[in-house]
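S.K.: sequence first, predicted coordinates after that:
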Amino acid sequence: MKAVWNGQVLAESNETIVVEGNHYFPPGSVNRNYFAESSTHTRCPWKGVASYYTLKVDGKENRDAAWYYPKTKEAAKPIEGYIAFWRGVEVSES
């Protein structure tokens, strides 16, 4: 799978985990050059507290377009630290 926004590959992996229709990419598969920490946090009843990244590519920003769970609840342990995308990020087969 590949995640692309603004013409750049943000992440690419054959080892994504699909949860609730979202592909979660392993932390080592993302290009950190395009990620900036966000202060946004949300809570999922069964996964835990999510943290977000703002994407920055070629002078454009996509606020909170990537999220991850730094420390999940037990039921979501397989995606702990993995990163998912939304807000216009195209996730498709490589």
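M.R.: Cool, got the structure.
S.K.: neighbours of the residue nearest to Tyr82 when sequence neighbours are not counted, how many?
M.R.: Closest residue in space to Tyr82, ignoring its immediate chain neighbours: Tyr24 at 3.6 Å, by Cβ to Cβ, 6 or more residues apart in numbering. Where you see a C-beta, it was placed from the backbone N, CA and C, and this is true even at glycine. Tyr24 is flanked by 26 other residues according to other Cβ atoms under 10 Å.
S.K.: kindly report the same for Ser51.
M.R.: If you count neighbours by other Cβ under 10 Å, Ser51 ends up with 18.
S.K.: so the residue nearest to Tyr82 bridges to which residues?
M.R.: Residues in a beta bridge with Tyr24, per DSSP bridges, are Ile17.
S.K.: for it, which residues are in contact?
M.R.: The neighbourhood of Tyr24, defined by Cβ atoms under 8 Å, 6 or more residues apart in numbering, consists of Thr16, Ile17, Val18, Tyr68, Ile79, Tyr82, Ile83, Ala84.
S.K.: now do 7 Å
M.R.: Taking Cβ atoms under 7 Å, 6 or more residues apart in numbering, we find Tyr24 in contact with Thr16, Ile17, Ile79, Tyr82, Ile83, Ala84.
S.K.: in a markdown table: these, plus distance to Pro45.
M.R.: Listed next are the contacts of Tyr24 as a markdown table, based on distance: Cβ to Cβ, whole Å:
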| residue | distance to Pro45 |
| --- | --- |
| Thr16 | 23 |
| Ile17 | 19 |
| Ile79 | 15 |
| Tyr82 | 19 |
| Ile83 | 21 |
| Ala84 | 17 |
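S.K.: now render those as CSV, adding pLDDT and distance to Arg32.
M.R.: Shown next, in CSV, are these (pLDDT from 0 to 100; distance: Cβ to Cβ, whole Å):
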residue, pLDDT, distance to Arg32
Thr16, 98, 17
Ile17, 98, 20
Ile79, 98, 18
Tyr82, 98, 14
Ile83, 98, 10
Ala84, 98, 16
